[in-house]
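Novice: With the input below, show me the fold.
(one chain, ligands or ions: 1)
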Amino acid sequence: CVTIALFTRDLRVHDNPMLAAACSEGAAVVPLFVVDDELIERTAAAPNRMRFLAAALAELDEALRAHGGRLVVRHGDVVDVVDEVAAEAHAESVHIAADVTPYSGRRERRLRERLEARNCLLHTHRSSITAVDRAELSPGTGRDHFAVFTPYYKRWHDVPLRKPLRAPHEVVVPRVHSDPLPDFADSEGSPELRVGGEATGRKLLNRWLSGSIEEYDTRNDELGADATSRLSPYLHFGCLSATEILSRADTAKPGAEAFVRQLAWRDFYHQVLSARPDAGWHDYRQRNVRWRDDPKAVAAWCEGRTGYPVVDAGLRQLRAEGWMPNRARLITASFLVKSLGVDWRVGARHFLHWLVDADVANNQLNWQWVAGTGTDTRPNRVLNPILQAQRHDPEGAYVRRWIPELADVPDDTVHRPWRAPLASSSYPPPLIEVKGM
Ligand code: FAD
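Specialist: As a prediction, the model looks like this:
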């Protein structure tokens with residue numbers, strides 16, 4: 001029989017339960033990606049993710065060709081397109097991976113209804129986005145999800161990992177029309193954006209696991225060191241499987257253990273969003289904060305002109321690369337919500353536009369964590385940008401990398417340039433005063 005393997009956020013051939021099931025059920029498989037109108041409309045405002053997606057689809061097509069197949073790409077509404085392809089290929093079933101966003105829930109319901117009408121079965125495979133699924137880890141006593149990370153993490157550790165699957169041996173694709181692969185080359189975005197797909201991601205992963213991961217526990221917050229894995233966009237688009245990464249990380253070593261803990265945060269936020277889909281845009285915990293409306297301060301923050309070098313360096317890196325290390329995300333986000341008093345949704349929207357790895361679960365719930373409306377157990381924590389800079393960028397390497405105006409400012413004033421004997425005229429004075437200036 002013929003089956004359709006419908007790719008969504010699982011753009012890989014290795015350890016892909018959805019693809020493996022489709023290949024084992026069907027003598028022929030249509031590996032399909034739908035460039036969905038709704039998705040395009042939303043991500044048109046996110047050129048970095050569009051460009052990464054194009055690169056990931058190109059590498060997926062290459063990987064399928066190496067196994068005798070190819071990727072079939074079609075444009076349109078996902079439900080209409082799958083229905084059309086099912087008719088054209090006489091497909092008896094469609095395989096898809098589960099996801100946690102409200103959009104994917106709607107997509108699955110509509111697909112199921114439409115396919116039922118033509119006697120075609122929809123098989124939903126458990127989410128391959130996270131390593132541990134919400135259904136595998138119940139907090140018990142009437143609660144539907146874990147609201148605090150530490151107890152979640154303790155239990156998360158004990159869930160047995162699924163054994164990663166090999167890439168399918170052979171993919172036989174029936175004759176069906178494919179549109180050309182999208183390239184989105186016209187989308188404006190970050191000039192220094194790094195793109196790739198499964199093959200590039202696997203190389204990065206191999207290099208990471210055999211090298212810098214060892215120092216992750218001690219260096220991950222060093223802003224100038226580029227000491228984190230940079231795997232987030234590959235995880236976001238499913239070019240890499242979280243299960244496979246976990247199965248390969250040697251947690252007997254402290255570096256790998258600290259890294260695995262971060263992957264648990266990712267699963268944690270996905271289970272929160274799955275239980276509370278409204279947490280994408282509504283406060284997870286009501287704190288009755290009165291946010292300030294300050295368009296000028298928001299514009300300065302977005303453009304990296306707050307006058308606080310470490311904050312501005314992060315925001316400029318975000319525009320230049322479409323990515324920031326976690327520490328810079330924490331500092332810049334805290335500055336917006338805690339120092340400027342601006343609503344977390346304003347910052348989350350800016351990050352969603354620029355971040356190549358942005359997704360509703362990780363972005364919105366991390367923003368809520370910083371804002372104190374989320375799963376944080378210390379909602380009043382404020383990160384002082386000067387102290388943070390001195391601790392995580394002691395020599396100012398990060399600041400100098402992203403703020404050329406401060407290249408010649410001496411080390412002792414690089415994080416407080418207003419105190420430098422020859423203050424740079426092109427770098428703005430601080431937007432506001434924070435404690436410890
Ligand atoms: P590493 O430090 O190498 O960590 C490995 C992986 O663990 C990451 O790739 C990521 O998948 C996961 N991870 C690490 N930290 C976190 C975390 N705090 N929460 C959830 N997962 C984590 N991450 C995203 O993937 N998408 C986002 O949209 C996003 N928005 C964020 C917004 C704010 C305000 C903050 C504070 C954090 C955000 N993060 C987001 C989490 C984190 O900053 C990034 O995952 C990380 O910086 C990616 O770089 P890396 O791959 O080198 O991470």
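Novice: List the buried residues in stretch 335-351.
Specialist: By neighbour count on 16 or more other C-beta atoms under 10 Å, the buried set for stretch 335-351 is 335-340, 342-351. No exception for glycine: its C-beta is placed from N, CA and C like everyone else's.
Novice: Now flag whichever of those is closest to the ligand.
Specialist: The ligand has its nearest neighbour among the buried residues of stretch 335-351 in Phe351, at 5.6 Å by C-beta to the nearest ligand atom.
Novice: Give me the phi and psi for the closest one.
Specialist: phi -60, psi -40 (degrees, to the nearest 10).
Novice: correct me, but it touches Val370?
Specialist: No - applying C-beta atoms under 8 Å as the test, Phe351 and Val370 come out as separate, 11.0 Å apart.
Novice: what's the overlap in contacts for the two?
Specialist: Ala333 (C-beta atoms under 8 Å, 6 or more residues apart in numbering).
Novice: just to revisit the earlier point, which ones, among the buried residues of stretch 335-351, also lie beside the ligand?
Specialist: For the ligand, the contacts drawn from these by C-beta under 6 Å from any ligand atom are Phe351.
Novice: Among the buried residues of stretch 335-351, which one lies nearest to Asp250?
Specialist: The shortest approach to Asp250 among these belongs to Phe351, at 32.2 Å (C-beta to C-beta).
Novice: who touches the closest one in this structure?
Specialist: By C-beta under 8 Å, 6+ apart, the neighbours of Phe351 are Leu318, Arg329, Ala333, Ala358, Asn363, Trp367.
Novice: and the ligand, which of those residues reach it?
Specialist: Arg329, Ala333, Ala358, Asn363, Trp367.
Novice: Tell me which two in the residues you listed are the farthest apart.
Specialist: Checking the ones next to the ligand among the contacts of Phe351 with C-beta to C-beta, the most distant pair is Ala333 and Ala358, at 13.0 Å.
Novice: I'd say Ala199 and Leu64 touch.
Specialist: No - the pair Ala199 / Leu64 is not scored as a contact, 11.9 Å apart, by C-beta under 8 Å.
Novice: Strands along the stretch 51-200 of the chain, start to end?
Specialist: Secondary structure of the stretch 51-200 of the chain (DSSP state E, counting those that start in this stretch): strands located at 72-76, 91-97, 121-125.
Novice: Which of the ones you listed sits closest to Leu204?
Specialist: strand 91-97 (22.4 Å).
Novice: How far does that closest one sit from its chain's centre?
Specialist: Distance, stretch centre to chain centre, for strand 91-97: 26 Å (C-alpha atoms, centre = their mean, to the nearest Å).
Novice: Spatially nearest residue to the most centrally placed residue in the chain, not counting backbone neighbours?
Specialist: Nearest to the geometric centre of the chain sits Asp357, at 3.3 Å (C-alpha atoms, centre = their mean). Nearest residue to Asp357, sequence neighbours excluded (C-beta to C-beta, 6 or more residues apart in numbering): Ser232, at 3.7 Å.
Novice: How many residues are close by that neighbour?
Specialist: 21 (other C-beta atoms under 10 Å).
Novice: My guess is it contacts Trp323. True?
Specialist: Yes - taking C-beta under 8 Å as the definition, Ser232 is a contact partner of Trp323 at 7.3 Å.
Novice: intersection of neighbour lists for those two?
Specialist: Val356, Asp357.
Novice: coming back round to it: of the buried residues of stretch 335-351, which belong to helices?
Specialist: Trp344, Arg345, Val346, Gly347, Ala348, Arg349, His350, Phe351 (DSSP state H).
Novice: residues near the closest residue to the second one other than its chain neighbours, how many?
Specialist: Once its chain neighbours are removed from consideration, Arg345 has its nearest residue in Trp281; the separation is 6.4 Å (C-beta to C-beta, 6+ apart). Using other C-beta under 10 Å, Trp281 has 11 other residues around it.
Novice: Could you do Phe184 as well?
Specialist: Neighbour count of Phe184, defined by other C-beta under 10 Å: 20.
Novice: what's the answer for the one 4 residues further on, then?
Specialist: As a burial measure, the neighbour count of Glu188 was computed by other C-beta under 10 Å and equals 8.
Novice: With Ala299 as the reference, measure out to it.
Specialist: When distance is defined by C-beta to C-beta, to the nearest Å, Glu188 is 19 Å away from Ala299.
Novice: Could you do Arg134 as well?
Specialist: 39 Å.
Novice: try Ala21
Specialist: From Ala21 to Ala299 the distance is 49 Å (C-beta to C-beta).
Novice: Kindly report the residues of this protein close to the ligand.
Specialist: So the chain meets the ligand at 220, 228-232, 235-236, 259, 262-263, 265-266, 269, 325-326, 329-330, 333, 351, 355, 357-359, 362-363, 366-367, 370 (C-beta under 6 Å from any ligand atom).
Novice: for the stretch 251-400 of the chain, what spans make up the helices?
Specialist: Listed in chain order, the helices of the stretch 251-400 of the chain (DSSP state H, counting those that start in this stretch) span 254-275, 295-303, 309-321, 326-334, 344-354, 365-371, 385-392, 397-402.
Novice: now the ones you listed as JSON lines including mean pLDDT?
Specialist: Listed next are the helices of the stretch 251-400 of the chain as JSON lines, based on pLDDT from 0 to 100:
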{"stretch": "helix 254-275", "mean pLDDT": "95"}
{"stretch": "helix 295-303", "mean pLDDT": "98"}
{"stretch": "helix 309-321", "mean pLDDT": "98"}
{"stretch": "helix 326-334", "mean pLDDT": "98"}
{"stretch": "helix 344-354", "mean pLDDT": "97"}
{"stretch": "helix 365-371", "mean pLDDT": "96"}
{"stretch": "helix 385-392", "mean pLDDT": "97"}
{"stretch": "helix 397-402", "mean pLDDT": "97"}
